[in-house]
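A.B. asks: Would you be able to build a 3D model of this:
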Amino acid sequence: MDLDQIRTFDRIAQDLSFTRAAARLNVTQATVSMRMRALEDLLGVPLFHRGRTISLTDQGMTFLPYARRILSAAQEAKEALRRVERGRVSIGSLRSLVSPLITESLLRFQTKYPSVDVVINEGRQNQIAAMLREREIELGILCWPNLDPLITDLEPLLVMRERVPMVTTPAIAAELGPGPRMDDVLKRVPRLISINWWQVYPDAALALFRRAPVSVELPTGPARRIAIKGEGVGFFVHSAVRDDIAEGRLAEIVPSDVDPVHRDIAMVVRNAGVLERAMLADFAAEIAAECGRVGTVLESRLPG
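C.D. replies: Residues are numbered from 1 along each chain as shown. Here you go, the predicted model:
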């Protein structure tokens, strides 16, 4: 079975004519007939009723969707190979870090490599780890250290520490004053917002959830809206709320009896040898520059 046979079968099924199919494929009618006899012999069933009119047999109707999947897969494979010729990089990032770390990096990268295809995947920690494990991506951005037992060979190119401030509305922050005790914060805003920023919650955050009258676990978007409305207080990674703080929608509060909270992030690969590809090394360097703006770089193994 070859693609010419499959393509010819699909064309006949559309035109219901060997003659028209031959014209569209720019081959002789004898070639079309020969391809169909070879395909039917291989499958061991007739695909068409032949006579004054042409129609698909039941077997032909059954085989048609599979034939079209084969043609579609072949076309996708050809496109993928063309992309490889142009160049391609694939990166996976925690959803919360795509905007602060990837967006500007990508714009600068594509100025330098305008014809290179870039694939950016986003997800939670276990999803990014799975993409690395299955080699769907070359470089990942995830929480560090990695605790996934199924992938233990990750090499950190850079480790960044990001602050995780507690935020509420500016009005509530002003009402509480500087350095409030956490009990006073929870009396004023009893709903504590929990967001799954970490692989393992810091002890300080877990202790607060035990003290809070009410806690809710939410994705980032709804959590921000609740905080902005003054209906909840919670720890947010700084990159997720820095614009809200700068524009006066949220304000940071620093309870005097709660230890500071942070999150460590790493840019990782499974084999540092991938950085021998100049384009991937350049993209990693661009992301590293954004890491320096978003948090504090604790360790870097990138060249230069």
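A.B. asks: contacts, neighbours, all on C-alpha from now
C.D. replies: Fine.
A.B. asks: First residue to last residue on stretch 48-66, what's the distance there?
C.D. replies: Stretch 48-66 has an end-to-end distance of 16 Å (Cα to Cα, to the nearest Å).
A.B. asks: who's in contact with Glu276?
C.D. replies: Applying Cα atoms under 8 Å, 6 or more residues apart in numbering to Glu276 gives no contacts.
A.B. asks: and what of Gln125?
C.D. replies: Leu94, Leu142, Cys143, Gln199.
A.B. asks: So the first one sits against Met131, correct?
C.D. replies: Looking back up the chat, that one is Leu94. No. Look at Leu94 against Met131 with Cα atoms under 8 Å: they stay out of range, at 11.7 Å.
A.B. asks: Lowest-confidence member of the contacts of Gln125, which is it?
C.D. replies: Lowest pLDDT of the contacts of Gln125: Gln199, 73.
A.B. asks: And the helix or strand containing Ile287, how far out from the chain middle?
C.D. replies: Taking DSSP states H and E as the definition, one finds Ile287 inside helix 278-294. A distance of 17 Å separates the centroid of the chain from that of helix 278-294, by Cα atoms, centre = their mean, to the nearest Å.
A.B. asks: how about the helices in the chain?
C.D. replies: Ranges of helices in the chain, per DSSP state H, are 3-15, 18-25, 29-43, 58-86, 95-97, 103-112, 125-133, 170-176, 182-188, 203-211, 220-228, 238-246, 278-294.
A.B. asks: Alpha carbons of the third one, as PDB, please.
C.D. replies: Taking C-alpha atoms only, helix 29-43 is exported to PDB below (Å, rounded to 0.1, in the frame of the first residue of the first chain):
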ATOM      1  CA  GLN A  29      -6.700   5.900 -16.800                       C
ATOM      2  CA  ALA A  30      -4.700   2.700 -17.000                       C
ATOM      3  CA  THR A  31      -2.500   3.900 -14.200                       C
ATOM      4  CA  VAL A  32      -5.600   4.600 -12.000                       C
ATOM      5  CA  SER A  33      -7.000   1.100 -12.800                       C
ATOM      6  CA  MET A  34      -3.700  -0.500 -12.000                       C
ATOM      7  CA  ARG A  35      -3.400   1.300  -8.700                       C
ATOM      8  CA  MET A  36      -6.900   0.200  -7.600                       C
ATOM      9  CA  ARG A  37      -6.300  -3.400  -8.600                       C
ATOM     10  CA  ALA A  38      -3.100  -3.400  -6.500                       C
ATOM     11  CA  LEU A  39      -4.800  -1.800  -3.500                       C
ATOM     12  CA  GLU A  40      -7.800  -4.200  -3.700                       C
ATOM     13  CA  ASP A  41      -5.500  -7.200  -4.000                       C
ATOM     14  CA  LEU A  42      -3.500  -6.000  -0.900                       C
ATOM     15  CA  LEU A  43      -6.700  -5.500   1.100                       C
END
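A.B. asks: Does it pack against any helices or strands, and if so which?
C.D. replies: helix 3-15, helix 18-25 (3 or more Cα pairs under 8 Å, 6 or more residues apart in numbering; DSSP states H and E).
A.B. asks: Which of those helices has the highest mean neighbour count?
C.D. replies: helix 3-15 (a mean of 18; mean count of other Cα atoms under 10 Å).
A.B. asks: can you tell me the average pLDDT over it?
C.D. replies: The model assigns helix 3-15 a mean pLDDT of 93.
A.B. asks: Flag the shaky bits of this protein, pLDDT-wise.
C.D. replies: Residue ranges of the chain with pLDDT under 70: 79-86, 304.
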